[in-house]
Each structure stands twice: as C-alpha cells, then as structure tokens.
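Visitor: Structural data only, the sequence is not supplied:
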C-alpha cells in the first residue's frame, strides 16, 4: 500500500496482517482524491474508522493543513502513529483512540469557532457494522463539525445502500468501483442557504 500523490508520493504504508483491517484499495483511494481534487489542499480533513490512516495520510500528502484520525482498534492506532512517524509527519495530525461517535463529540467540544470545522469527513466503518453508518451520518448531519460547503464521504459495500439523507445532510453522488462504493453528502440546500448566500 502506497501514498498515491503529493509530498509523500510512492512512500509505502504499513498495514496489519490478517483480516483485522480492510484498507481502502489504492484504486478507490485514487478515485476519491481525483473527485475531491484541488480542494484538499489547505483543508481540514477528518478520517473516521481510520484503520491504517491511508486516507488521512493521502490528504496530508496532497496539502491538507490538518487531519484528525479517529480509530477504536488499539493496534490500528499504533499503526497510524508508526505510518505518520515513518513519513516524518509531526505537525497537522491528531490521532484519537476511541469510537467514531465519541471522537466526533470530543472534536466538537474542543472547537474554537468555525475555524475548527472540517471541510471533508471520510468514514469507512467495518462493512458488517451497518448501524455505524446511520449513527455517524446523523451525528454529522445534526452537528456543526462540518464546515459550510463541507463534504462527507462514506465508503460502503456496493450492495449496501446508504440513506439519501441524514439530518441536514443530503446525498448528491454515488460512485461505484468493484464491490465498493462511495456516497457523497453535503448539507441540504435549505440548511446551507444562508451560508451559501454569504459566500
């Protein structure tokens, strides 16, 4: 598994042996960041169910100013820290060892105004944990952790359809690749109307 583009391009990332983690494939990761494009540079990025940290590290490699990694599995947290260390990343990365909902609460409670909101939130729960998708999307859709114009991306099994909406979030795109799919969400127009008119 390698970093695809940016500062750390082609650098190798470690993974855990066995089936403890299911890292996003390099191909799907490349597709995701091609869709997000230049907006990643200068952004704040949240990697939930971070696993190896490959998504968040890719964001840092492409110029994200800050990435928070939230992962509940202690060996995976150690792995994320090792991957960050191996790349010499010492600034702009926060690693939280806790479940996704507690991580969202902690990040929200530590907020200091709108500058602490996230432009991109990526979530990739274990495919079997169907309830985690709904709970996390509802939390993001009802809270203020997502910046105005921010995007939530959920990776899921292609055969598992996520809800069209959750709280103020509305799905606007589904991208399928092999057995996997990416669902993209933004705040519904009604919820974002005031913010958009100010831009």
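Guide: Nice, thanks for sending it over. Keep in mind that this is a model prediction, so the values were computed, not measured. Numbering: from 1, shown residues only.
Visitor: The spatially most central residue of the chain: which element?
Guide: When the chain is reduced to its mean C-alpha position, the nearest residue by Cα atoms, centre = their mean turns out to be residue 122, at 1.9 Å. When secondary structure is defined by DSSP states H and E, residue 122 falls within strand 118-123.
Visitor: Equivalent analysis for residue 147, please.
Guide: strand 146-157.
Visitor: Give me the angle between that strand and strand 118-123.
Guide: Relative orientation of strand 146-157 and strand 118-123, computed by axes from the mean of the first three to the mean of the last three Cα atoms, to 10 degrees: 20 degrees.
Visitor: how about the helices of the chain, start to end?
Guide: According to DSSP state H, the chain carries its helices in the segments 26-36, 54-61, 74-86, 100-109, 130-142, 189-197.
Visitor: Contacts for the second one, please.
Guide: Okay, so that is helix 54-61. Contacts of helix 54-61 from elsewhere in the structure, counted by Cβ atoms under 8 Å, 6 or more residues apart in numbering, are 1, 3-9, 13, 23-24, 29, 32-33, 40, 43, 45, 47, 50, 64, 67-69, 80, 83-84, 87, 89, 92-93, 120, 122, 124. All C-beta spots, glycine's among them, are computed from the backbone N, C-alpha and C.
Visitor: if you set the cut-off to 6 Å instead, what comes out?
Guide: When contacts are defined by Cβ atoms under 6 Å, 6 or more residues apart in numbering, helix 54-61 is touched by residues 3, 6-8, 13, 23, 29, 40, 45, 47, 50, 67, 69, 122.
Visitor: Tell me what angle it forms with helix 74-86.
Guide: Computed by the same axes, to 10 degrees, the angle between helix 54-61 and helix 74-86 is 20 degrees.
Visitor: For the closest residue to residue 32 other than its chain neighbours, give me its contacts.
Guide: In space, and not counting its chain neighbours, residue 32 is closest to residue 182: 6.1 Å by Cβ to Cβ, 6 or more residues apart in numbering. In this structure, residue 182 makes contact with 153, 155, 175, judged by Cβ under 6 Å, 6+ apart.
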